[in-house]
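[1] task: produce atomic coordinates for the following.
(one chain, ligands or ions: 2)
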Amino acid sequence: MQIIDRESIEILFKALSTKGFDLIGPTVRNGAIIYDHLDSVSQMPVGWTDRQMAGNYRIVRKDNGALFGYVVGPHSWKNFLYPSIQSLWQAKRNGNSFEIIEEEKKVPKFAFIGVRPCDLKAISVHDRVFLEGDFIEPGYKSRRKGLFIIAVNCTEPGGSCFCASMNCGPSVSGSEPFDLALTEVLEKDRHYFVVQTGSEQGKALMQEIPHRPAEKIEIDKGKALLKQAALSMGRVLDTENIKELLYQNLEHPRWEDTARRCLSCANCTMVCPTCFCSTTEDVTDLTGDHAERRRRWDSCFSLDFSYIHGGYIRATVKARYRQWMTHKLASWMDQFGTSGCVGCGRCITWCPVGIDITEEVQAIRGNTA
Ligand code: SF4
Ligand code: SF4
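    Ligands and ions are numbered 1, 2, ... in the order given. Sure thing, here's the model as predicted:
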């Protein structure tokens, strides 16, 4: 373990920029902490934190100077690795026919700043989905290849968080992919980061940043903060036999109850860092001279998503909510060998009617509040 001081974070930014990385990290926009391109530490939400609960999100001042004193907002890193709209091909009219436009696609080289352990796990879930098996997703592969990840352990979980229940946080496990992992420590007269290196690339970058070996007292301080964070999660999800529980309760009356509240708006799937359903659409310009096929995010909550041969497989909201939750917590394990939920809590916070996945599981267990 190493220590870098708060002042050295700017040097870290510069070192990454000099290596040609496009820095992506947290910033305040439209009343939320989102991820966007960063040029300097001053663009980060210094002195801001977030308050989250079911159907509710607010940012508030917390003037302690923390760089990472908040949890996760409506964006996740899939916005960059698997953008919401991607052009698959374009064509232009050439007389009576069309010809494909050869595009030289510039592959961005991202450095993600401040990836929370739950989101790190979500990236590794997407790695399995998009990079393993018979079908590789070329766009994801090219973006993922050059990625530099600076993870940040969570010392202050939010009101909707339950990563500890999912074994996805609040600290990085070491088995997930990261280059550097930071634990932010604020003391009365000191502000520093305990740094763990996770790759050769991470080790090399550390050589360009002023640092020193961590003392035991500093490592222990970081560990104590993480231990406390694990005990102060806003939510808990009982995962015992969860796959069997959901498979055995496909006709539980709770699905009907949830469907009466659910707007089928798809917010939960848009903000979820692991959801990746998409559709393709063909568009032309008004002259008809230019055509494009695009892929865009879709959702199992859209009616059209399950349309085949003149009918909808999941015509009711009940069927769609049940599909989403059962996929996340049960059938994802059969499909990809891991849960589809990392406990980030976004679906709880950003659901306009405050439907809470942890509460739904409890209700199906027969423990309704
Ligand atoms: S299902 Fe909800 S809590 Fe789980 S990863 Fe998706 S958004 Fe986060
Ligand atoms: S659970 Fe909430 S966020 Fe998800 S579709 Fe229903 S109303 Fe929208």
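[2] what's near enough to touch the residue of the stretch 51-200 of the chain found nearest ligand 1?
    As assessed by C-beta to the nearest ligand atom, ligand 1 sits closest to A122 within the stretch 51-200 of the chain, at 6.4 Å. In short, each C-beta sits where N, CA and C put it, glycine included. Neighbouring residues of A122 by C-beta atoms under 8 Å, 6 or more residues apart in numbering: S76, W77, K78, P273, T274, V342, C344.
[3] pLDDT at A369, what is it?
    pLDDT for A369: 48.
[4] buried set for the strand ranked longest in the chain?
    Longest strand in the chain, counting residues (DSSP state E): strand 85-94. Of all the residues in strand 85-94, those buried under the rule 16 or more other C-beta atoms under 10 Å are Q86, Q90, A91.
[5] and the very next helix or strand once past it, C-alpha only, in PDB?
    Counting by DSSP states H and E, the next helix or strand C-terminal to strand 85-94 is strand 97-100. Only the C-alpha atoms of strand 97-100 are listed here, as PDB (Å, rounded to 0.1, in the frame of the first residue of the first chain):
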ATOM      1  CA  SER A  97     -28.500   2.200 -55.400                       C
ATOM      2  CA  PHE A  98     -26.900   2.800 -52.000                       C
ATOM      3  CA  GLU A  99     -23.300   2.400 -51.100                       C
ATOM      4  CA  ILE A 100     -22.000   1.800 -47.600                       C
END
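[6] packing partners of the following helix or strand past strand 97-100?
    Proceeding N to C from strand 97-100, the next assigned helix or strand is strand 110-115, under DSSP H and E. Here strand 110-115 touches strand 22-29, helix 78-81, strand 148-152, going by 3 or more C-beta pairs under 8 Å, 6 or more residues apart in numbering; DSSP states H and E.
[7] and strand 110-115, which strands flank it?
    strand 22-29 (parallel), strand 148-152 (parallel) (DSSP bridges).
[8] quick one: contacts of the next helix or strand after the longest one?
    Spelled out, it's strand 22-29. Moving toward the C-terminus from strand 22-29, the next helix or strand (DSSP H and E) is strand 32-37. When contacts are defined by C-beta under 8 Å, 6+ apart, strand 32-37 is touched by residues 22-29, 45, 48, 50, 57, 59, 70, 73-77, 79-80, 112.
[9] which pLDDT value goes with the closest residue in space to V195 that isn't next to it in sequence?
    Using C-beta to C-beta, 6 or more residues apart in numbering and skipping the chain neighbours, the partner closest in space to V195 is Q2 (4.5 Å). With respect to pLDDT, Q2 scores 95.
[10] what separation do you get for Q2 and ligand 2?
    Look at Q2 and ligand 2: by C-beta to the nearest ligand atom, to the nearest Å, they are 41 Å apart.
[11] repeat for I59
    Relative to ligand 2, and taking C-beta to the nearest ligand atom, I59 is found at 20 Å.
[12] who are the contact partners of that residue?
    V28, G31, A32, I33, P45, W48, T49, D50, R51, Y70.
[13] if we use 6 Å, what do you get?
    W48, D50 (C-beta atoms under 6 Å, 6 or more residues apart in numbering).
[14] assign a three-state SS to it, would you?
    Judged by DSSP: H, G, I helix; E, B strand; the rest coil, the three-state class of I59 is strand.
[15] what residues are bridge-paired with it?
    Beta-bridge partners of I59, as defined by DSSP bridges: D50.
[16] was I right about L23 contacting A111?
    Yes - between L23 and A111 there is a contact at 5.1 Å, judged by C-beta atoms under 6 Å.
[17] got the residues of the stretch 201-350 of the chain near ligand 1?
    Applying C-beta under 6 Å from any ligand atom, we find that the stretch 201-350 of the chain lies next to ligand 1 at V271, C272, P273, T274, K328, C341, V342, G343, C344, G345, R346, C347.
[18] need the contact list for the nearest residue to the second one once chain neighbours are set aside.
    With C-beta to C-beta, 6+ apart as the measure, C347 is the residue that lies nearest to C272, at 5.7 Å, once sequence neighbours are left out. The neighbours of C347, taking C-beta under 6 Å, 6+ apart as the test, are C268, C272, I357.
[19] run the last query once more with 7 Å
    Listed by C-beta atoms under 7 Å, 6 or more residues apart in numbering, the contact set of C347 reads C268, V271, C272, I357.
[20] which of those residues fall within strands?
    Members of the contacts of C347 lying in strands (criterion: DSSP E): none.
[21] go back to those residues and keep what's next to ligand 2.
    Within those, those near ligand 2 by C-beta under 6 Å from any ligand atom are C268.
[22] now neighbour count and pLDDT too, for the contacts of C347, in JSON lines please.
    Below are the contacts of C347 laid out as JSON lines (neighbours: other C-beta atoms under 10 Å; pLDDT from 0 to 100):
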{"residue": "C268", "neighbour count": "25", "pLDDT": "97"}
{"residue": "V271", "neighbour count": "22", "pLDDT": "98"}
{"residue": "C272", "neighbour count": "23", "pLDDT": "98"}
{"residue": "I357", "neighbour count": "24", "pLDDT": "97"}
